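K.L.:
Quick one: sequence and predicted model below, then my questions.
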Amino acid sequence: MTVETKLALSAEEVRSFSQSNNEPAAFADFRVAALIKAAQLDLPKPDKTNITKWNFTEFPVHTVESSPFSSLEELPEDVKAIIDTEGQENLYIQRNNTPAFIKLSEELKAKGVIFTDIQTAVRDHAELVEKYFMTTAVKVDEHKLTAYHAALVNGGVFVYVPRNVIIEVPLQVVFLHDNAEASLFNHVLVVAEQSSAVTYVETYVSTVEEAKGQANIISEVIVQDNAQVTYGAVDVLAKGFTTYVNRRGHVGRDGKLDWALGLMNDSDTISDNTTYLMGDNSSADTKTVVVGRGSQKQNFTTLVRHWGKNSDGQILKHGVMKDAAQSIFNGIGQIEHGATKANAEQESRVLMLSEKARGDANPILLIDEDDVTAGHAASVGRVDPTQLYYLMSRGISKAEAERLVIHGFLAPVVTNLPIEGVKKQLTEVIERKVR
Amino acid sequence: MATLEIKDLHVEIDGKEILKGVNLTINTNEVHAIMGPNGTGKSTLASAIMGHPKYEVTQGEILLDGENVLEMEVDERGKAGLFLAMQYPSEIAGVTNADFLRSAINARREEGDEISLMKFIRELDKTMEFLEMPEEMSQRYLNEGFSGGEKKRNEILQLMMIKPTFGILDEIDSGLDIDALKVVSKGINEMRGEGFGCLMITHYQRLLNYITPDYVHVMMQGKVVKSGGKELAQKLETEGYEWIKAELGIEDATVTEEA
Ligand SMILES: Nc1ncnc2c1ncn2[C@@H]1O[C@H](COP(=O)(O)OP(=O)(O)OP(=O)(O)O)[C@@H](O)[C@H]1O
Ligand SMILES: [Mg+2]
């Protein structure tokens, strides 16, 4: 029997929050129903990490008010550094829970592209939101945290790309966390209609030392037939959060979804990155890099689940562990019955920089079909002394040689981020974290 | 002029003595070739000079212009002017050839006096062209997926960019087709001169046809057992090692059996 958890907000408070945002009544009902489920459902059970004692529900306040930015000049330096303030045509900046800046090029507007904060989307694009919001990729009642998220969503973005629209330039989103009291229940919903293409890049930046709230983040990426989505993310959330981040893709026939995730939180984190390959010939390429430090506990699960025939799933996970950080890397390739000619590949590698750190690479293949191919490589180890010797023999100091090897090890995501500033920022974060 | 002196060098690996008293002096403006059957300690000598952590020097000295090399860390040896083109170069994923080379060059320069990007690229382009390497190789990851021959060429690229005082080249000719051999030799010959001395380990006269050595040494049983001029290599090419073994009363040239 499950015990009812006491949650931080009551049904009335959730309803009045919804009303104060002028959300449609149906959305208020949706939230309240989710809240009831959240009280009853169990926490998720990430493989090999026991989170029953983690606190995912309490926070000081549900939403905080922050001032929007009237121009990009006002941005803090940390944010300016990742934005090409002149060149970036499509940009959304959220400050804690407040939509703080948005721009979308006239060209994309004319093509019917929607790029807006989630609150506005719930009001102004109710039909689309209702159709996709936690209906297709992530379900409200998967577990306590999905339900809690649905009840308390207080930020995020909606991206809608109509049929046949190819967006050449990346859409950039920055979630700035500069109020220690804030909780982030952000929901990102990307819908790429048939034969469309879009690249989306988000960055989480904390400028406070220690967070007091919750981060319960869900992204849903709906890739319709023959569409292509590239999803880049760099998370640098402050310690103090108990972070749950679920990034999920749902890919139709001939569709393609590429993930490049730089997961650099200083908080304890449960990350779930799942891609459902529904259609025949669909493909997913998911790359994740991680640096764990301090006494952080983290679990990174990457799952590619194949239903489509001839579908292709590639998982790459590289983690660097230092200090007394602990991480589990679950990589799961799952092929359903009937997904003939599917291919599931994965590579999980963990680099240990200290005696006290712990890292487990846990590759799993779940295959219910004969006519498939699959493979995995996994390793946990230290920086290869032969590589260090080679670099040092060229006059490079040991510290610099280690730095080169580590950056190289984490390069698969850095090089796949399509925005120069974000790339640079991730490199700097890695630099700072491994030093 | 600079001098690299190896005196009575004894080296162990995992407690087993491999080098048993090597003596060798190399000056700049000289090319020395070391030959010898398999398993006689040639690569061990090269690794010990560079400071490979697995090789323990138990006796003897290595001096670079009188400075004790054995007290230096591997990177200090590199900065002091030693360079080893390895028999099996490492592959390093995610680090581009260009970034690596720039780090190596800057490691030799003071902070604040780093090579400018423009100058570096100009030099790199020029050297790669000289070595007939395709431009895209500078952006490939260091040795990753390189063919055997490409790796060797890449070692010479590093040699030419880093410009050490002494280059030790361990079987730089192995696995090279004739065109690649010519290019690699052209690179080494380009380095020859007042500021550069070279120790080449090879099994073949073929390399020495392109790079004429000033001295040829033969290693057996972990020692230099014979030295001579370029004609020694030619004799080895036609007659093999048997005559030396007979002359010195050696049955097994390798270091594995007790000498
Ligand atoms: N790690 C090791 N452990 C034990 N013995 C080793 C190790 N490395 C080298 N040796 C031994 O040392 C001896 C000399 O090896 P070395 O590589 O120096 O020979 P070499 O003259 O370079 O041979 P080749 O011409 O085949 O390259 C060999 O008998 C070899 O087996
Ligand atoms: Mg050898």
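P.N.:
It's in. Ligands and ions are numbered 1, 2, ... in the order given.
K.L.:
Any regions of the chain where pLDDT drops low?
P.N.:
Going with chain A. A:1-4 (pLDDT under 70).
K.L.:
right idea, wrong chain: chain B
P.N.:
In chain B, residues with pLDDT under 70: B:257-259.
K.L.:
for ligand 2, what are the nearby residues on it?
P.N.:
Proximity of chain B to ligand 2 is confined to B:K42, B:S43 under the rule Cβ under 5 Å from the ion. Placement of C-beta: from N, CA and C, glycine included.
K.L.:
Can you give me the buried ones in stretch A:163-172?
P.N.:
A:V165, A:I167, A:V169, A:P170, A:L171, A:Q172 (16 or more other Cβ atoms under 10 Å in any protein chain shown).
K.L.:
actually stretch A:282-300, not the one I typed
P.N.:
Buried-residue list, stretch A:282-300, by 16+ other Cβ under 10 Å: A:282-293, A:296-300.
K.L.:
is that stretch up against chain B anywhere?
P.N.:
No. Applying Cβ under 8 Å from any Cβ of the partner chain, one finds stretch A:282-300 separated from chain B by no less than 10.1 Å.
K.L.:
Just the CA coordinates for that stretch, please, in PDB.
P.N.:
C-alpha atoms of stretch A:282-300 as PDB (Å, rounded to 0.1, in the frame of the first residue of the first chain):
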ATOM      1  CA  SER A 282      13.200   6.100 -37.300                       C
ATOM      2  CA  SER A 283      16.500   6.900 -35.500                       C
ATOM      3  CA  ALA A 284      17.800   8.400 -32.400                       C
ATOM      4  CA  ASP A 285      21.300   9.400 -31.500                       C
ATOM      5  CA  THR A 286      21.700  10.300 -27.900                       C
ATOM      6  CA  LYS A 287      24.900  11.700 -26.500                       C
ATOM      7  CA  THR A 288      25.300  12.500 -22.800                       C
ATOM      8  CA  VAL A 289      28.300  13.900 -20.900                       C
ATOM      9  CA  VAL A 290      28.600  14.400 -17.200                       C
ATOM     10  CA  VAL A 291      30.900  15.700 -14.600                       C
ATOM     11  CA  GLY A 292      30.200  14.700 -11.000                       C
ATOM     12  CA  ARG A 293      32.000  16.300  -8.100                       C
ATOM     13  CA  GLY A 294      31.800  16.900  -4.400                       C
ATOM     14  CA  SER A 295      29.500  14.500  -2.700                       C
ATOM     15  CA  GLN A 296      26.900  14.600  -5.500                       C
ATOM     16  CA  LYS A 297      24.700  11.600  -6.100                       C
ATOM     17  CA  GLN A 298      23.400  11.200  -9.600                       C
ATOM     18  CA  ASN A 299      21.700   8.700 -11.800                       C
ATOM     19  CA  PHE A 300      21.600   9.000 -15.600                       C
END
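K.L.:
Using the three-state scheme, assign the residue in the stretch 151-300 of chain A that ligand 2 sits nearest to.
P.N.:
For the stretch 151-300 of chain A, the residue closest to ligand 2 is A:V289, as judged by Cβ to the ion, at 37.0 Å. Look at A:V289: counting by DSSP: H, G, I helix; E, B strand; the rest coil, its state is strand.
K.L.:
show me what contacts the residue in chain B positioned nearest to ligand 2?
P.N.:
Per Cβ to the ion, B:S43 is where chain B lies closest to ligand 2, at 3.1 Å. Counting by Cβ atoms under 8 Å, 6 or more residues apart in numbering or on different chains, B:S43 touches B:Q87, B:D170, B:E171, B:I201.
K.L.:
7 Å - rerun?
P.N.:
B:Q87, B:D170, B:I201 (Cβ atoms under 7 Å, 6 or more residues apart in numbering or on different chains).
K.L.:
So which of those sit within strands?
P.N.:
The members of these that map onto strands under DSSP state E are B:D170, B:I201.
K.L.:
Let's have the contacts of B:S43 in TSV, adding neighbour count.
P.N.:
As requested, the contacts of B:S43 are exported to TSV (neighbours: other Cβ atoms under 10 Å in any protein chain shown):
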residue	neighbour count
B:Q87	17
B:D170	23
B:I201	25
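K.L.:
Return the member of the contacts of B:S43 nearest to B:D214.
P.N.:
Distance to B:D214 across the contacts of B:S43 (Cβ to Cβ) is lowest for B:I201, with 15.4 Å.
K.L.:
my guess is that closest one meets B:S174, correct?
P.N.:
No. Assessed by Cβ atoms under 7 Å, B:I201 is found out of contact with B:S174, at 9.7 Å.
K.L.:
tell me, how many neighbours does B:N154 end up with?
P.N.:
A count of nearby residues for B:N154, using other Cβ atoms under 10 Å in any protein chain shown, gives 23.
K.L.:
what's near enough to touch it?
P.N.:
With contact set as Cβ under 7 Å, 6+ apart, B:N154 has these partners: B:N97, B:N143, B:F146.
K.L.:
Number of residues surrounding the second one?
P.N.:
A count of nearby residues for B:N143, using other Cβ under 10 Å, gives 20.
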